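In: Below is the structure, and that's it, no one-letter string:
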């Protein structure tokens, strides 16, 4: 039985991943903003076989609570083996172009809050000498594009932070997993036309779960995004800047 | 947007969609007056799950279990949960769904809204007979617990109510104890329609699950020949757990034409009938191949090509059953547009609380026809004549074409039902049959 903390536990991908942990008999500490929704998910996970499910309502942008939340999770579960950070929003790129306040708010949610959580988590895992830190990033962080570069900036910063953290914690035997999903059919992307490249949250959750089991560093989900992003990254900037992406 | 289709692939209609994910949230009813309709997993065949130029409230995201008592078998869950999810979780604990249709990929909400039935109808009645209560969300924000004791009129209207009375967000089901995930089954070859009725009479007393497959291309003396399947849940320690294929077969693409044509139909029907050389064969089936043989080929509906197919399921009261079934099978055999899988079963006398529930004591026949346009519709209209004359009815969950006049004669309680429809709810099916 592992002890698992999930921040952003009401997101569709996080919920689907939590079910896989529950099915495996792991104990869970779920964090998100809405207590009623956390309650609905916690009930479901208990019925599915999780021996212990605890919840805490917290806004990830309330940085001052991060340290205490993590300490409470560790005390309540009696330890911590896996931390999955999955909260996030999809910024309105056009609104961000009009207002730096908007951009700052999105960077708070999608980048700074994650760096804050990682700071405290790294400390715990380094002392413990084992465990997994997994963060839901995005393929959007691999290259800046006009359609969503604020989101991409946040994710790119998280990716580099995770690279550094992985490097630092590798000697302590800590897995630091960067998860880069492509298009996922979730409430966050409800407004988009869905095509062949879109994956279901359950599929992405399965990929996250197995990447944790297999001690991966970076995982693209579904797998073919590794090749799509390799192609996108190989386009020279002087051509790329003229493309509508 | 054509992302949301019904299982038959006909008709293809454009509509918007809103995803439901939290049962405590209000319904996202659009401000511009467009009508809404709940959509589960799209296993209704025709247009009862579609809402052209309106909005679908997609309920698959309401897929949480709420509580399960392994001592009593009472399960509470959200309405977007699939029967497949429930089974995966309850079968290892010695429980089973009390009633299941031929696919496990239906939602609980859809099973209630279509008051689905299965191979045990003669024993257990419909799905709605095993629902002790559910929570219904209406467009005005009302959140109503419906049961045989509370809001009972709405309880009866919603069971089999085709999603028109509101969105079912959660339900409580009474599950059924089993000693084994296996079914001890027997298949019996029969040569005539009369033999089917004789087999049914003896089997329905001793077997929980009964159904027959009919060779719908046979004519004359062989009319109505087929294979009869009957079974009971096996006892404990029956058989070794089978290896379940991790990856299911899937029919990958939609062809512009149908693979189901006169040639393949004849070949398939002959083969199916003759593959069993002995008169009777005993075998233990794991529950999945027994109940859901077609689920092992994901997307089998695509083999009918882009024009889709039409299902036709009718029920005829006992006293006219033999004559009507004979007449229907003859009309189909003459048309030579037979169906791949033709299923015949006797319904029992159990009454459902549902106002528009489909089953009635008698015989039910289900077929599917590739959509060939006018000739197909003409044939189905000719079948309606027989069903109407026999005092039977046709199943709305599988329908895309019955006339409003037929519908109102099949379901005389429609006017009573209509009073319970949520004023903001509608469907393409409902508008069609109310014309």
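Out: Happy to help now that I have it. Everything numeric in this text was worked out from a predicted model, so none of it was measured. Residues are numbered from 1 along each chain as shown, chains lettered A, B, ... in the order given.
In: Get me the contact residues on chain A for chain B.
Out: By the rule Cβ under 8 Å from any Cβ of the partner chain, the part of chain A lying against chain B is A:12, A:36-37, A:40-41, A:43-44, A:47-48, A:187, A:190, A:193-194. Every C-beta, even on glycine, is put in place using the N, C-alpha and C of the backbone.
In: Kindly recompute the last result at 7 Å.
Out: When proximity is defined as Cβ under 7 Å from any Cβ of the partner chain, chain A approaches chain B at A:36-37, A:40-41, A:43-44, A:47-48, A:187, A:190, A:194.
In: Are any of those buried, and if so which?
Out: A:37, A:40-41, A:43-44, A:47-48 (16 or more other Cβ atoms under 10 Å in any protein chain shown).
In: From those residues, which land in helices?
Out: A:37, A:40-41, A:43-44, A:47 (DSSP state H).
In: Would you map the strands across chain A?
Out: Using DSSP state E, the strands of chain A run over A:3-7, A:27-32, A:53-57, A:82-85, A:132-136, A:175-181, A:218-221.
In: Please dump these into TSV; it should also carry mean neighbour count and mean pLDDT for every row.
Out: Formatted as TSV, the strands of chain A follow (neighbours: other Cβ atoms under 10 Å in any protein chain shown; pLDDT from 0 to 100):
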stretch	mean neighbour count	mean pLDDT
strand A:3-7	26	98
strand A:27-32	26	98
strand A:53-57	18	98
strand A:82-85	24	98
strand A:132-136	24	98
strand A:175-181	23	98
strand A:218-221	21	97
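In: Now do the lengthiest helix in chain A and strand A:132-136, the angle between them.
Out: Across chain A, the longest stretch assigned as helix under DSSP H is helix A:149-169. Put simply, helix A:149-169 runs at 170 degrees to strand A:132-136, going by axes from the mean of the first three to the mean of the last three Cα atoms, to 10 degrees.
In: And the contacts of helix A:149-169?
Out: Residues from elsewhere that reach helix A:149-169 (Cβ atoms under 7 Å, 6 or more residues apart in numbering or on different chains): A:90-91, A:93, A:96, A:103, A:106-107, A:110-111, A:114-115, A:118, A:122, A:125-126, A:135, A:137-138, A:140-141, A:144-145, A:176, A:178, A:217.
In: ditto for stretch B:392-410
Out: Contacts of stretch B:392-410 (Cβ under 7 Å, 6+ apart): B:8, B:10-11, B:44-48, B:114, B:162, B:310-317, B:324, B:358, B:360, B:377, B:380, B:384, B:387-388, B:411, B:414, B:429, B:432-435.
In: Please pick the buried ones from those.
Out: B:8, B:10-11, B:44-48, B:114, B:162, B:310-317, B:324, B:358, B:360, B:380, B:384, B:387-388, B:411, B:414, B:429, B:432-433.
In: and those, which of them are in helices?
Out: Using DSSP H, B:324, B:380, B:384, B:387-388, B:414, B:429, B:432-433 are the members of these that sit in helices.
In: which stretches of chain A form helices?
Out: Counting by DSSP H, chain A has helices at residues A:12-23, A:35-47, A:66-77, A:93-98, A:100-107, A:113-128, A:149-169, A:201-213, A:225-234, A:237-240.
In: Chain B too?
Out: B:83-90, B:108-113, B:121-124, B:152-158, B:193-206, B:262-274, B:287-291, B:318-335, B:374-389, B:404-410, B:414-418, B:428-433.
In: could you give me the average pLDDT of the longest one?
Out: Along helix B:318-335, the predicted local confidence has a mean pLDDT of 93.
In: mind listing what's buried in it?
Out: Neighbour-count burial for helix B:318-335, with 16+ other Cβ under 10 Å as criterion, is recorded at B:320-322, B:324-329, B:332-333, B:335.
In: when you check chain A, which of these turn up near it?
Out: Here nothing survives when those are matched to chain A using Cβ under 7 Å from any Cβ.
In: what's the closest of those to residue B:350?
Out: Proximity of the buried residues of helix B:318-335 to residue B:350 (Cβ to Cβ) peaks at residue B:321, which lies at 16.9 Å.
In: and that closest one, what does it touch?
Out: Neighbouring residues of residue B:321 by Cβ under 7 Å, 6+ apart: B:362-363.
In: What pLDDT is listed against residue A:61?
Out: With respect to pLDDT, residue A:61 has a value of 97.
In: sorry, back to before: could I get the buried residues of helix B:318-335 as a markdown table with distance to residue B:133?
Out: As requested, these are exported to a markdown table (distance: Cβ to Cβ, whole Å):
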| residue | distance to residue B:133 |
| --- | --- |
| B:320 | 36 |
| B:321 | 34 |
| B:322 | 39 |
| B:324 | 37 |
| B:325 | 37 |
| B:326 | 42 |
| B:327 | 42 |
| B:328 | 38 |
| B:329 | 41 |
| B:332 | 41 |
| B:333 | 46 |
| B:335 | 45 |
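In: Chain neighbours aside, what residue packs nearest to residue 219?
Out: In the absence of a named chain, chain A is used. Nearest residue to residue A:219, sequence neighbours excluded (Cβ to Cβ, 6 or more residues apart in numbering or on different chains): residue A:211, at 4.1 Å.
In: Chain B was what I was after
Out: residue B:333 (4.6 Å).
In: which residues touch residue 18?
Out: You didn't say which chain, so I picked chain A. Counting by Cβ under 7 Å, 6+ apart, residue A:18 makes contact with A:6, A:9, A:28, A:30, A:41, A:45.
In: actually chain B
Out: Contact partners of residue B:18, counting by Cβ under 7 Å, 6+ apart, are B:28, B:55, B:57-58.
In: Bridge partners for it, pull those for me.
Out: residue B:57 (DSSP bridges).
In: Tell me how far it lies from residue B:146.
Out: Per Cβ to Cβ, to the nearest Å, residue B:18 is found 23 Å from residue B:146.
In: what does residue B:193 give?
Out: Noted for residue B:193: a distance of 41 Å to residue B:146, by Cβ to Cβ.
In: Straight-line length of stretch A:49-62, end to end?
Out: Taking Cα to Cα, to the nearest Å, stretch A:49-62 runs 32 Å from one end to the other.
In: How far does that stretch sit from its chain's centre?
Out: Distance of stretch A:49-62 from the chain centroid (Cα atoms, centre = their mean, to the nearest Å) equals 15 Å.
In: ditto for stretch B:414-431
Out: 20 Å.
In: what does stretch B:157-173 give?
Out: In terms of Cα atoms, centre = their mean, the centre of stretch B:157-173 is set 16 Å apart from its chain centre.
In: now stretch A:154-163
Out: With Cα atoms, centre = their mean, you get 11 Å for stretch A:154-163.
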